[in-house]
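Trainee: prediction below, plus the sequence it came from.
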Amino acid sequence: MPCCKQQNHFQSLMLLQWPLSYLAIFWILQPLFISLLFTRLWPLPALYFVWLFLDWKTPDQGGRRSAWVRSWNVWTYIRDYFPITILKTQDLPPENNYLMGVHPHGLLTFGAFCNFCTEATGFSKTFPGITPHLATLSWFFKIPIIREYLMAKGLCSVSQPSIDYLLSHGTGNLVGVVVGGVGEALQSVPNTTTLILQKRKGFVRTALQHGAHLVPTFTFGETEVYDQVLFHKDSKMYKFQSFFRRVFGFYFCVFYGQGFSQHTTGLLPYSRPIVTVVGEPLSLPKAEKPSQELVDKYHALYMDALHKLFDEHKTQHGFPETQKLLFL
């Protein structure tokens, strides 16, 4: 039992390093690195910033992934904390490109990160010949040093040029887009299955323009690992959250989970299973200028496929037979 507790505490520390590493880079490493400009080591940051200027387009051109970073052991501890797994329902032939819808967003998107930005759950063995990319907010790639850390894990900009590049250069590329976006984070509370998807059709249009296959996914457990305090739309706190979203691109959510000690409240997520089910790819024709009618048709087919995927697997992952998948 003591050994088990020590392992759980170590997994908790490894989990915390994921968000804290970004804070450490931003608030400690970056200032220290910039301060070198005022020392005899000034050529180091000077050369980096010159190279940064020359390398500015890389996040929109496939990024710069590192197999070494994606294979760090630290990711396996994060995987085992919940645990996180990936479930394949169909093969993804490497002669095609894929645009994957990631649902739901959750608060910190643990499932998508672990499954598609690391090798902790064995993505390369599960889908041989497929190179995964997870799209995130573009402005993250404007932050020195942090951009390198993000790209090393296979993250890319969610900008249109970035997705266009990946779907038009070679085959075997899979681009994951969290279709519901940050707005879905406010829907992230346990026992809810509400997705912002009804009017989100841009990803379908992009897939049609490149003839990429659409892949529905649903991550069971993503919304179960935190409790969230929800505010009324007329409250000052909700207005602050909306303001924060306009400025920074994501919502300031008030959430809580468990602490290091048993039966305590803290900022650690609950240790509950997270399973990403990857559905059957939906084949799309290539249409450089798809009509709205064509976009609507395949958007409806995608929603049907996602609904089917959820219904087929919900009872195996903690939801009752009566649970419905709702689209906003």
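Mentor: Perfect, thanks for sending it.
Trainee: my read is that Cys117 contacts Arg70, right?
Mentor: Yes: assessed by CB atoms under 8 Å, Cys117 is found in contact with Arg70 at 6.9 Å. (C-beta placed from N, C-alpha, C; glycine too.)
Trainee: between those two, what contacts are shared?
Mentor: Common contacts of Cys117 and Arg70 (CB atoms under 8 Å, 6 or more residues apart in numbering): 153-154.
Trainee: neighbour count for the two, which is higher?
Mentor: Each of Cys117 and Arg70 has its neighbours counted (other CB atoms under 10 Å); Cys117 has more, 24 against 19.
Trainee: quick one, what contacts the more buried one?
Mentor: Applying CB under 8 Å, 6+ apart, the residues near Cys117 are 70, 132, 134, 153-155.
Trainee: quick one: which of these has the most company?
Mentor: Gly154 (26 neighbours).
Trainee: that one against Leu134, yeah?
Mentor: Yes: the criterion here is CB under 8 Å, and Gly154 meets it with Leu134 at 6.4 Å.
Trainee: give me the common contacts of these two.
Mentor: Joint contacts of Gly154 and Leu134 (CB under 8 Å, 6+ apart) are 116-117.
Trainee: roughly how far does the closest residue to Thr136 other than its chain neighbours sit from Lys88?
Mentor: Among residues not flanking Thr136 along the chain, Leu155 sits closest, at 5.3 Å (CB to CB, 6 or more residues apart in numbering). As defined by CB to CB, to the nearest Å, Leu155 lies at a distance of 22 Å from Lys88.
Trainee: so where is the stretch 101-250 of the chain shaky, pLDDT-wise?
Mentor: For the stretch 101-250 of the chain, applying pLDDT under 70 flags no range at all.
Trainee: how about the strands of it, start to end?
Mentor: Ranges of strands in the stretch 101-250 of the chain, per DSSP state E, counting those that start in this stretch, are 131-136, 155-157, 173-177, 194-195, 213-220, 227-229.
Trainee: looking at those strands, spot the one closest to Pro281.
Mentor: strand 213-220 (4.0 Å; CB to CB).
Trainee: quick one: that closest one to strand 173-177, angle?
Mentor: Per axes from the mean of the first three to the mean of the last three CA atoms, to 10 degrees, the angle that strand 213-220 makes with strand 173-177 is 50 degrees.
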